[in-house]
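Asks: build the 3D model from these lines:
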Amino acid sequence: MRWIPILALALLMTSCSGEKEPNGPQEDGQAVGATAPQDNTFLMTPSATENPTNPVVSVDGEILTVGDLQMESGLRLGNLGGANLTPEMVAQMRSIVIDQYITRTLLLNQAKKQELSVSEADLDNEFAEIKKMIPPSVSIEDMLDQSPLGRDAMMDHIKNKILIGKLTTQLATEKVEISKEEVDEFIEKNKEELTLPERVEARHILLLFEPNDDDAAKAEKKKKLEGLRKEILDGADFAEVAKKHSQCGSAEAGGNLGTFDRSRMVPPFAEAAFSQKVGEIGDVVETQFGYHIIKVEKHEEEGMHPREDIEARIRDLKMQTVMKDYIAELRSKADIQMFNN
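Replies: Modelled structure (predicted):
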């Protein structure tokens, strides 16, 4: 149910294009930042401009106004960046926002009927999850203050997400059961999809090649990296050296690239990472991006997803059906009125 909160977060975050080693040696070698919302003035119809308080839909007496609809549709469409937005795309987005408003309102009303509430501990846990998704330099306070929704509205959406999450958890506990036989059958039918490739978790330090680097400049960079490798072998902390010297976006995380399979890396990097022993500081590796030294933190052989992860997947699939039926029941009992604007 990460809806508007994630949208607002997306406007603060940056990402890397391609899947060849995030923050590291991607094959296309490009990194892109999050795009700013477009100024799609055609979203503002004359009636909407004149009557932003007009109702669009009422759900058990709670109103979504024209202004609310435009703001949320505009944020979502603007977050598409340079896409050429057509009137049909705008109409489809407005329809999605209206439908999700109805669903969210019904679920929140149900959560309130069941006297579910949001505690400080709930907020702390949610903020901890949000913190994982925003740049290290952005604090929770920054995120709230910079939200295009405004601080108060952002807090309301976070609290609403927690309430809906509690309601969903309650439904899962009451209505979803999984037997050992179901899990065994699911594994048997989906063996290929459930098999994980060989993977490693690694850190690296990268000294980038510049377009005008000649052989002498490259040799100097390799010499410097070999010196850094010796420092680490002599006892320096790899992560601290990466933070200070690496020219990769992963430097802030101590060079940590996370867990990846061979297909995520350019061949020279993959060959080195998958042939090193865990904990070993490998020799300098050259790729088209520059010189690297790699430290493998963990090496996982090809194998099946953990059984608990498979059970969670089955639970999610069952929960989709439970939620679909539950929302349909709530809609059938609700007073929902649409207004023409």
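Asks: now the strands for the stretch 1-150 of the chain?
Replies: Using DSSP state E, counting those that start in this stretch, the strands of the stretch 1-150 of the chain run over 15-16, 31-32, 55-59, 62-65.
Asks: which residues touch the longest one?
Replies: Meaning strand 55-59. Contact with strand 55-59 is made by 63-66, 68-69, 98, 101-102, 105-106, 109, 334-339, 341, as judged by CB atoms under 8 Å, 6 or more residues apart in numbering. Every residue, glycine included, has its C-beta placed from N, CA and C.
Asks: how about stretch 102-111?
Replies: Counting by CB under 8 Å, 6+ apart, 1, 3, 57, 59-60, 62, 160, 163-164, 166-167, 327, 330-331, 334, 336 sit against stretch 102-111.
Asks: of those residues, which is the nearest to Val200?
Replies: Closest approach to Val200 among the contacts of stretch 102-111 (CB to CB): Met1, at 33.6 Å.
Asks: of all residues in this structure, which one is nearest the centre?
Replies: Met133 (6.3 Å; CA atoms, centre = their mean).
Asks: that one and Glu126, how far apart?
Replies: Distance, Met133 to Glu126, using CB to CB, to the nearest Å: 11 Å.
Asks: could you pull out the helices for the stretch 1-150 of the chain?
Replies: 4-10, 46-50, 66-78, 87-113, 120-131, 140-146 (DSSP state H, counting those that start in this stretch).
Asks: which of the ones you listed has the lowest average pLDDT?
Replies: Note on those: helix 4-10 shows the lowest mean pLDDT, a mean of 37.
Asks: specify the local secondary structure of Tyr291.
Replies: Judged by DSSP: H, G, I helix; E, B strand; the rest coil, the three-state class of Tyr291 is strand.
Asks: please apply the same query to the one 5 residues further on.
Replies: What three-state DSSP gives for Val296 is strand.
Asks: relative to the whole chain's centre, how far out is stretch 295-313?
Replies: 20 Å (CA atoms, centre = their mean, to the nearest Å).
Asks: Asp122 is in contact with Leu163, isn't it?
Replies: No: shown here, Asp122 and Leu163 do not form a contact pair, counting by CB atoms under 8 Å, at 9.0 Å.
Asks: comparing the two, which residue is more hemmed in?
Replies: Legend: neighbour count by other CB atoms under 10 Å for Asp122 and Leu163, higher for Leu163 (21 against 16).
Asks: can you tell me the helix or strand for the more buried one?
Replies: helix 151-175 (DSSP states H and E).
Asks: need the contact partners of the helix or strand just after that helix.
Replies: Next helix or strand after helix 151-175 toward the C-terminus (DSSP H and E): helix 180-189. By CB under 8 Å, 6+ apart, the residues outside helix 180-189 that reach it are 194, 304, 307, 310-311, 314.
Asks: among those residues, name the buried ones.
Replies: With neighbours counted by 16 or more other CB atoms under 10 Å, these contain buried members at 194, 310, 314.
Asks: narrow those to those in helices?
Replies: Among these, the members falling in helices (DSSP state H) are 194, 310, 314.
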